[in-house]
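1. sequence and predicted structure, then a few things I'm wondering about:
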Amino acid sequence: MVVTPSKEAADIIKEEGGEILKLCYQCGMCTSTCPWNMVKSFLVRQTIHQAQLGLIDFGAEEVWQCVGCRLCVQRCPRGVEVIDIMRALRRAVTELGIGGIPDSLRITIKNIAGTGNPLGEPREKRADWAKDLGVKPFTKGTEVLYFPCCYQIYDPSIQKTALATVDILKKANIDFGILGDNVVCCGESVRKAGSESLFQNLAQTNINAFTEAGVKKIVVTSPHCYQTFKNEYPQFGGNFEVICATQYLAGLIGEGRLKLTKELNKKVTYHDSCCLGRWAGIYDEPREVLKSIPGLELVEMSMNRENSLCCGGCAGMIWLDAKKGERLSELRLEQAIEVGASILAVACPYCTLNFESDLLTADKSDIIEIKNIAELVREAI
């Protein structure tokens, strides 16, 4: 049901950048650009128009459908930050209790609020993944804090990214350490899902832990952590040097501190994640790292770099179950197979989760593998 927002909801929309709605002249570029329309209907322009008129259906599926891929923002002739508007609508739902939050998202938000991670795993076990690796706790004076995302430390299926990164940092003789249960989820996706107050609590917890430990440089293996630590935490007093792992690896290889000598005779294609690509503008370094691996043949998909197809997992969508046949990741996997790649290289845990799920569903694991760039680098050392 379309309703007129209350003053509180209108204030939230305005606070989140709703004033930019005035720039929209309803050209429809956002709808024609949105990747969801490759698998299902998503009338972005209609949602924006309703917001312009002050008539919003807070219970509509469209409120939760946007994945924040930034493709519409990139192409909007008026510079309308559609993502900010969608985040505002979600925040009105989550903080004012209007409309209704999808059940799986509600459970995830509850997990993050209670345990500091979306999987609901015990906070005191946050460092268990590294207990047999000889990784030291971060202390003042340590050069680098390594911060893997929640999925890379709690989910066994993609923990291999964190394990590979630790091996690489050791072989490059990097002075690094990790923090334990005094840190929590970065909060990036929960903020895009509308839970602003929870995000700010998470951010302050991490900022306090980083500051107390004397952290100056952070290397992350999730573009979501990268975006949040680098561009959002400074709003709350958290100013740290943040480096995405692919950038860091490219630097180590370029400086000769990391030598790749083992051949990997595979045809590989690289998936530009939205958070690392359109959000952060990092396109070259991942490719530089892959091209540095002896024997590796890098092939490009038709939709790449700025025009890459989203996996469908950002802005909380990773926690909502998309139906088979309505998943962007299924299309992306087919694009990788079409170019003859035997490995789809990724740099984002959400992309890994989505692609791995599709591989199992489609029973195509004998055709193509999903590997984080860190895993491929470790194989080549």
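-> Perfect, I can see it now. Numbering: from 1, shown residues only.

2. and the residue nearest the centre of this protein?
-> His224 (3.8 Å; Cα atoms, centre = their mean).

3. contact partners for that residue?
-> Residues in contact with His224, defined by Cβ atoms under 8 Å, 6 or more residues apart in numbering, are 149, 186, 188-189, 275, 314, 348-350. Heads up, the C-betas are built off the backbone N, CA and C, glycines and all.

4. secondary structure element holding it?
-> Element membership for His224 (DSSP states H and E) is helix 223-227.

5. and the gap between the residue nearest to the centre of the chain and Gln152?
-> Distance, His224 to Gln152, by Cβ to Cβ, to the nearest Å: 11 Å.

6. and for the two, which residues touch both?
-> Contact criterion Cβ under 8 Å, 6+ apart; residues shared by His224 and Gln152: Pro349.

7. Ile318 versus the spatially closest residue to Cys310 that is not a sequence neighbour, what's the distance?
-> Spatial nearest neighbour of Cys310, excluding adjacent residues (Cβ to Cβ, 6 or more residues apart in numbering): Cys69 at 3.9 Å. Cys69 sits 13 Å away from Ile318, going by Cβ to Cβ.

8. surely Ile243 is within a helix?
-> No: under the criterion used here (DSSP: H, G, I helix; E, B strand; the rest coil), Ile243 is strand, not part of a helix.

9. in contact with it, which residues?
-> For Ile243, the contacting residues are 217-220, 226, by Cβ under 8 Å, 6+ apart.

10. filter these to the buried ones?
-> Buried by 16 or more other Cβ atoms under 10 Å: 218-220, 226, out of the contacts of Ile243.

11. about what we covered before: Throw the contacts of His224 into CSV and include distance to Glu61 and neighbour count, thanks.
-> As requested, these are exported to CSV (distance: Cβ to Cβ, whole Å; neighbours: other Cβ atoms under 10 Å):
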residue, distance to Glu61, neighbour count
Cys149, 27, 26
Cys186, 27, 25
Glu188, 23, 28
Ser189, 18, 26
Cys275, 23, 30
Cys314, 17, 28
Cys348, 25, 28
Pro349, 25, 26
Tyr350, 20, 28
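
12. can you redo those residues as JSON lines with secondary structure and pLDDT?
-> Output for these, formatted as JSON lines (DSSP: H, G, I helix; E, B strand; the rest coil; pLDDT from 0 to 100):
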{"residue": "Cys149", "secondary structure": "coil", "pLDDT": "96"}
{"residue": "Cys186", "secondary structure": "coil", "pLDDT": "97"}
{"residue": "Glu188", "secondary structure": "helix", "pLDDT": "94"}
{"residue": "Ser189", "secondary structure": "helix", "pLDDT": "92"}
{"residue": "Cys275", "secondary structure": "helix", "pLDDT": "94"}
{"residue": "Cys314", "secondary structure": "coil", "pLDDT": "85"}
{"residue": "Cys348", "secondary structure": "coil", "pLDDT": "96"}
{"residue": "Pro349", "secondary structure": "helix", "pLDDT": "95"}
{"residue": "Tyr350", "secondary structure": "helix", "pLDDT": "95"}
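
13. then stretch 221-235 to CSV, C-alphas only?
-> The C-alpha coordinates for stretch 221-235 follow below in CSV (Å, rounded to 0.1, in the frame of the first residue of the first chain):
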residue,chain,number,x,y,z
THR,A,221,40.4,-9.0,2.1
SER,A,222,36.9,-7.7,1.7
PRO,A,223,36.0,-4.7,-0.5
HIS,A,224,33.1,-4.0,1.9
CYS,A,225,35.5,-3.6,4.8
TYR,A,226,37.7,-1.4,2.6
GLN,A,227,34.9,0.9,1.6
THR,A,228,33.7,1.3,5.2
PHE,A,229,37.0,1.7,7.0
LYS,A,230,38.4,4.0,4.4
ASN,A,231,35.4,6.2,3.5
GLU,A,232,32.9,5.9,6.3
TYR,A,233,34.7,5.5,9.6
PRO,A,234,36.5,8.9,9.2
GLN,A,235,33.0,10.4,9.8
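
14. list the buried ones in that stretch?
-> Neighbour counts over stretch 221-235 (16+ other Cβ under 10 Å) mark 221-230, 232-233 as buried.

15. closest one to Lys323 out of these, please.
-> Nearest to Lys323, judged by Cβ to Cβ, of the buried residues of stretch 221-235 is His224 at 24.0 Å.

16. and the longest helix for this structure?
-> As assigned by DSSP state H, the longest helix anywhere in the chain is helix 196-213.

17. ok, Cys69 and Ile318, which is more surrounded?
-> For the pair Cys69 and Ile318, the greater number of neighbours falls to Cys69 (29 against 24), based on other Cβ atoms under 10 Å.

18. low-confidence ranges in this structure?
-> For the chain, the stretches with pLDDT under 70 are 1-21, 49-60, 99.

19. would you map out the domains in it?
-> 7-96, 122-250, 259-380 (automatic domain parsing).

20. now do the longest one: distance from first to last residue.
-> What that stands for is domain 122-250. By Cα to Cα, to the nearest Å, the extent of domain 122-250 from end to end equals 34 Å.
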